[in-house]
Each structure stands twice: as C-alpha cells, then as structure tokens.
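Asks: Sequence unavailable; structure follows:
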C-alpha cells in the first residue's frame, strides 16, 4: 500500500524561524523513498531560490528591516 506524507520546510536564521512551505513524499510499505524526498526537496529549494532572486511586484520590501528587529 502506498501513501503520501507532507513535511514542513522550516528555515531558521538566528532566533527567527519561519515555515516556507512543505514537500510531499511517497511512503511505501511504511518507508519514505529517500530519492523521491531528495528530488522533492531539491525542486522546492530551486523554486524558493528563483523567488528570492527574482521577486514579484507584490513582494514587500521594508527598508532597514534588519535594523528594526
């Protein structure tokens, strides 16, 4: 029997932590397919990197955000 689980992807920088989304991976016979997990995570990270490099117009930028805490 095959199933699927959803794993959150959390990023932590110093004291700040955020959930950036999740990846779904297949579970077969009670085991996660490691290769499938790596592929899903790599695709998620590529998509995230693209969004960071080329933000859309609706992304909000706050001047001096780091200085404001």
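Replies: Looks like it came in fine. All figures in this text were calculated on a predicted structure; none of them were measured in a lab.
Asks: From now on I want contacts and neighbour counts done on CA atoms only, so please keep to that.
Replies: Noted.
Asks: Give me the distance between the residue lying closest to residue 4 once chain neighbours are set aside and residue 49.
Replies: Distances taken as C-alpha to C-alpha, 6 or more residues apart in numbering place residue 26 nearest to residue 4, at 4.3 Å, with adjacent residues excluded. According to C-alpha to C-alpha, to the nearest Å, residue 26 stands 24 Å off from residue 49.
Asks: Compare the two and say which is more crowded by neighbours.
Replies: residue 26 (16 against 12; other C-alpha atoms under 10 Å).
Asks: State the helix or strand in which that one lies.
Replies: According to DSSP states H and E, residue 26 maps onto strand 16-28.
Asks: contact partners of that strand?
Replies: Here strand 16-28 makes contact (C-alpha atoms under 8 Å, 6 or more residues apart in numbering) with 1-12, 32-33, 36-37, 40-41, 44.
Asks: Which among those residues count as buried?
Replies: Buried members of these, counted by 16 or more other C-alpha atoms under 10 Å: 37, 40-41, 44.
Asks: now the residues you listed as a markdown table including pLDDT, secondary structure and distance to residue 63?
Replies: A markdown table is the format used below for the buried ones among the contacts of strand 16-28 (pLDDT from 0 to 100; DSSP: H, G, I helix; E, B strand; the rest coil; distance: C-alpha to C-alpha, whole Å):
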| residue | pLDDT | secondary structure | distance to residue 63 |
| --- | --- | --- | --- |
| 37 | 93 | helix | 37 |
| 40 | 94 | helix | 34 |
| 41 | 95 | helix | 31 |
| 44 | 96 | helix | 28 |
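Asks: sorry, back to before: now the strand holding residue 26, how far from the chain's geometric center?
Replies: How far strand 16-28 lies from its chain's middle: 6 Å, per C-alpha atoms, centre = their mean, to the nearest Å.
Asks: Near residue 25, how many other residues are there?
Replies: 21.
Asks: swap that for residue 20, sorry
Replies: Using other C-alpha under 10 Å, residue 20 has 12 neighbouring residues.
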